[in-house]
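Participant: take this sequence and fold it.
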Amino acid sequence: MRFACFIVLLLILRITTTQADDCPEGVAVHVVPSVVSSQEPASVHKVLNACQFVESLGARHGFFNQSHDGSLGKGVVARYSSLRRSALQRRYVDTSPEAGDRSANVHFRNHFNNSWFAFASKKKGTVAFIGGSITEMSGYRVMVEENLRRRFPDTNFKFVNAGISSTCSTTGAHRMSRDVLSAQPDLVFVEFAVNDDQDASHADRECRRGMEGILRQARVTNPAMDMVVTHFVNPPMLALLKQKKTPVSSAAHETVAAHYGVSTIDLAREVAERIQADQLTWETYGGTHPKPAGNRIAADMIEQLFDAAWADAEQLEQRKPIAHKQVSALDPASYSQGALISGAKADCDSAWAFAVPAWDSIPGGKRGRFTELEMLCTNDANAELTLDFDGQAIGLYVLAGPDAGRVEYSIDGGDFKMAELFHRFSKGLHYPRTVMLATGLKRGAHRLTMRVAKSSHQASKGNAVRILEFVAN
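Facilitator: This next block holds a predicted model:
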């Protein structure tokens with residue numbers, strides 16, 4: 001037993017010595033339980049499982065480090081082992097998983113030569129992330145950023161966080177040009193499965209149209225752009241997966257990604273499989289907005305994808321970008337030409353104002369990202385406007401709060417139809433959402449005529465319309 005402990009201490013000393021240069025002096029430490037590879041002898045397991053290892057928050061080795069408030073320590077890159085013995089296994093050093101360790105839920109469909117060329121040869125790269133709150137929060141996105149910095153230590157990276165809480169792929173497709181493509185990224189990560197399911201409650205068609213809008217815009221704008229789509233998971237999606245059924249949103253997104261040759265990370269299925277195999281619990285994963293443990297699984301699966309994509313150094317040597325194959329559209333009505341139109345472009349009557357709302361006097365929760373934005377607003381029933389647009393679809397990107405109303409709209413002088421702005425999440429929050437008014441129009445010039453309806457949702461306290469942007473496709 002003493003000899004085994006001595007060997008363990010030597011192993012720990014070697015690891016900490018190797019990493020010492022990465023640890024700033026005087027940094028706080030945390031204690032984490034030690035778990036080693038299932039390939040180690042049982043005697044070593046027994047000894048190490050009775051020990052603890054003190055880890056520096058500044059170290060770059062592969063322990064998972066979580067502070068008492070649940071945050072991930074600055075500079076820490078931790079990873080869960082891809083070995084399936086336990087969901088809580090941790091690696092002691094940063095080593096790439098063996099090829100056989102790649103999860104079956106990591107779908108490697110196309111090369112990542114172009115982003116590798118930018119990062120490794122040009123020493124400069126832009127990486128963008130678009131999605132909902134799972135992307136906006138400090139979760140998997142931050143871990144992937146750190147993994148890339150570690151993998152390419154001499155590269156000057158620019159990271160774009162285009163995550164907006166509560167928004168779905170429909171909103172994402174219409175803001176793709178402004179929020180992502182304008183940065184000319186080399187690599188893009190997309191995440192919308194959860195919000196298409198629980199926030200938008202999209203049917204298959206809308207899930208496909210939104211995701212195709214995102215991927216097709218990227219392919220057309222820059223055919224060399226590399227992309228990854230990740231499917232996160234919520235309780236209803238998890239329940240379906242446990243019944244061997246695929247959730248509507250992730251199934252639709254997977255279909256579109258496969259058509260465009262875009263690699264995917266089916267984290268939802270991975271989590272369901274690990275839970276059913278008693279290798280993970282939903283509590284450990286962290287819920288719809290994952291804890292660091294859940295985000296670590298996603299980041300590790302992305303690492304597995306890149307390990308496979310960037311394994312052949314000779315193949316990666318290139319002097320210019322290689323365009324990804326262009327394919328025909330799955331749905332001609334997808335939001336592949338989605339764009340935002342400022343509310344200032346509308347022709348409005350005097351009941352409307354293009355201004356920052358007086359939020360202090362308006363009940364309901366507000367998110368800081370919206371409270372200083374000018375938007376087209378009214379509280380008056382019968383307030384009317386017109387907007388000329390070009391395309392085959394038109395809609396509203398709105399903040400729908402406790403006082404959200406309804407609108408009546410007509411296209412090109414046709415009959416008026418009704419659209420509800422109030423959302424089930426509007427009761428306590430000025431909720432960002434995109435409401436499509438008309439789709440499937442003949443592509444070309446059209447005129448929208450819109451007025452605020454006299455009636456409103458039974459749970460609403462008013463007739464307010466607050467338009468962040470019009471959306472057109």
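
Participant: ranges for the helices of this protein?
Facilitator: According to DSSP state H, the chain carries its helices in the segments 2-19, 42-48, 113-116, 133-136, 140-151, 169-179, 193-198, 204-221, 235-242, 248-259, 267-276, 282-285, 292-309, 313-316.

Participant: need those helices in TSV with mean neighbour count, can you?
Facilitator: Where C-beta positions appear, they are placed from N, C-alpha and C, glycine not excepted. As requested, these are arranged in TSV below (neighbours: other Cβ atoms under 10 Å):
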stretch	mean neighbour count
helix 2-19	13
helix 42-48	14
helix 113-116	23
helix 133-136	23
helix 140-151	20
helix 169-179	26
helix 193-198	27
helix 204-221	24
helix 235-242	17
helix 248-259	22
helix 267-276	21
helix 282-285	16
helix 292-309	23
helix 313-316	10
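
Participant: ok, of those helices, where does mean pLDDT dip lowest?
Facilitator: Taking each of these in turn, the one with the lowest mean pLDDT is helix 42-48, at a mean of 33.

Participant: re the thing from before, could you dump the helices of the chain to JSON lines with distance to Lys454?
Facilitator: Listed next are the helices of the chain as JSON lines, based on distance: least, Cβ to Cβ, whole Å:
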{"stretch": "helix 2-19", "distance to Lys454": "67"}
{"stretch": "helix 42-48", "distance to Lys454": "71"}
{"stretch": "helix 113-116", "distance to Lys454": "53"}
{"stretch": "helix 133-136", "distance to Lys454": "34"}
{"stretch": "helix 140-151", "distance to Lys454": "44"}
{"stretch": "helix 169-179", "distance to Lys454": "28"}
{"stretch": "helix 193-198", "distance to Lys454": "31"}
{"stretch": "helix 204-221", "distance to Lys454": "29"}
{"stretch": "helix 235-242", "distance to Lys454": "36"}
{"stretch": "helix 248-259", "distance to Lys454": "35"}
{"stretch": "helix 267-276", "distance to Lys454": "43"}
{"stretch": "helix 282-285", "distance to Lys454": "46"}
{"stretch": "helix 292-309", "distance to Lys454": "46"}
{"stretch": "helix 313-316", "distance to Lys454": "63"}
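
Participant: closest to Ala472 out of the ones you listed?
Facilitator: Using Cβ to Cβ as the measure, helix 169-179 is the one of these that comes nearest Ala472, at 7.8 Å.

Participant: the closest one versus helix 248-259: what angle between them?
Facilitator: Comparing the axes of helix 169-179 and helix 248-259 via axes from the mean of the first three to the mean of the last three Cα atoms, to 10 degrees yields an angle of 50 degrees.

Participant: check which helices and strands helix 169-179 is in contact with.
Facilitator: Counting contacts by 3 or more Cβ pairs under 8 Å, 6 or more residues apart in numbering; DSSP states H and E, helix 169-179 is packed against strand 124-131, strand 156-163, helix 204-221, strand 339-341, strand 394-400, strand 431-438, strand 465-472.

Participant: Ser169: which of those is closest?
Facilitator: Shortest separation from Ser169 across those is recorded for helix 204-221, at 2.8 Å, computed as Cβ to Cβ.

Participant: which elements pack onto that closest one?
Facilitator: Under the contact rule (3+ Cβ pairs under 8 Å, 6+ apart), helix 204-221 is packed against helix 169-179, strand 187-191, helix 193-198, strand 226-230, helix 248-259.

Participant: one more pass at 10 Å, please.
Facilitator: strand 124-131, helix 169-179, strand 187-191, helix 193-198, strand 226-230, helix 248-259, strand 431-438 (3 or more Cβ pairs under 10 Å, 6 or more residues apart in numbering; DSSP states H and E).

Participant: how's the chain carved up into domains?
Facilitator: The chain breaks down into these structural domains: 1-95, 99-316, 339-472 (assignment by automatic domain parsing).

Participant: output those as a markdown table; include the columns distance to Ala333.
Facilitator: Below are the domains of the chain laid out as a markdown table (distance: least, Cβ to Cβ, whole Å):
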| stretch | distance to Ala333 |
| --- | --- |
| domain 1-95 | 40 |
| domain 99-316 | 6 |
| domain 339-472 | 6 |
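
Participant: of these, which approaches Ala329 most closely?
Facilitator: Judged by Cβ to Cβ, the one of those that comes nearest to Ala329 is domain 99-316, at 6.5 Å.

Participant: for that closest one, the distance to its chain's centre please.
Facilitator: Relative to the centre of its chain, domain 99-316 is centred 6 Å away, using Cα atoms, centre = their mean, to the nearest Å.

Participant: likewise for stretch 459-473?
Facilitator: If you compare the mean C-alpha spot of stretch 459-473 with that of the full chain, they lie 25 Å apart, counting by Cα atoms, centre = their mean.

Participant: over to stretch 400-415?
Facilitator: Between the centre of stretch 400-415 and the centre of its host chain there is 30 Å, according to Cα atoms, centre = their mean.

Participant: and the end-to-end length of it?
Facilitator: Taking Cα to Cα, to the nearest Å, the span from the opening residue of stretch 400-415 to its closing residue is 25 Å.

Participant: low-confidence bits of this protein, can you list those?
Facilitator: Counting by pLDDT under 70, the low-confidence segments of the chain come to 1-100, 315.

Participant: run the last query once more with 80
Facilitator: When the per-residue scores of the chain are filtered using pLDDT under 80, the ranges that remain are 1-101, 313-319.

Participant: re earlier: could I get the helices and strands packed on helix 204-221 in a markdown table, plus columns for distance to Gln318?
Facilitator: Formatted as a markdown table, the helices and strands packed on helix 204-221 follow (distance: least, Cβ to Cβ, whole Å):
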| stretch | distance to Gln318 |
| --- | --- |
| strand 124-131 | 15 |
| helix 169-179 | 27 |
| strand 187-191 | 16 |
| helix 193-198 | 33 |
| strand 226-230 | 13 |
| helix 248-259 | 24 |
| strand 431-438 | 39 |
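
Participant: alright, calling it a day.
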